[in-house]
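Trainee: I'd like to go over a predicted model; first the sequence, then the structure.
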Amino acid sequence: MNFKVVIQKDEDGRYNASCPELKGCNSYGNSPEDALKNIREAIELYLEDIPRDQIPEIKCQVEFTEVAI
């Protein structure tokens with residue numbers, strides 16, 4: 001199962017990771033790789049007690065696009 005993940009560097013140099021499809025599912029790391037590893041673990045923990053057939057029901061509808069300015 002695939003989930004969209006956003007990784008952003010903050011002003012302190014840490015990398016914040018979030019999964020917008022799962023409300024409140026966030027993590028961070030000292031590098032993009034650490035953040036990705038940590039958000040993967042956060043997603044697994046988030047989904048741990050949810051039956052697999054109910055996962056599509058809890059996923060938020062997320063669409064990414066670009067805006068030219």
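Mentor: Right, received. Where do you want to start?
Trainee: state the pLDDT value of the residue positioned nearest the centre of the chain.
Mentor: Central residue check for the chain by C-alpha atoms, centre = their mean: the C-alpha nearest the mean position is that of C19, 2.0 Å away. pLDDT recorded at C19 is 96.
Trainee: ok, K59 next?
Mentor: Reading off the confidence values, K59 has pLDDT 86.
Trainee: not counting its neighbours along the chain, what's nearest it?
Mentor: The spatially closest residue to K59, leaving aside those adjacent along the chain, is E21, at 4.7 Å (C-beta to C-beta, 6 or more residues apart in numbering). In short, each C-beta sits where N, CA and C put it, glycine included.
Trainee: count of residues packed around that neighbour?
Mentor: As a burial measure, E21 scores 17 neighbours (other C-beta atoms under 10 Å).
Trainee: return the helix or strand in the chain with minimum mean pLDDT.
Mentor: Of all helical and strand segments in the chain, the minimum by mean pLDDT, DSSP states H and E falls on helix 55-58, at a mean of 86.
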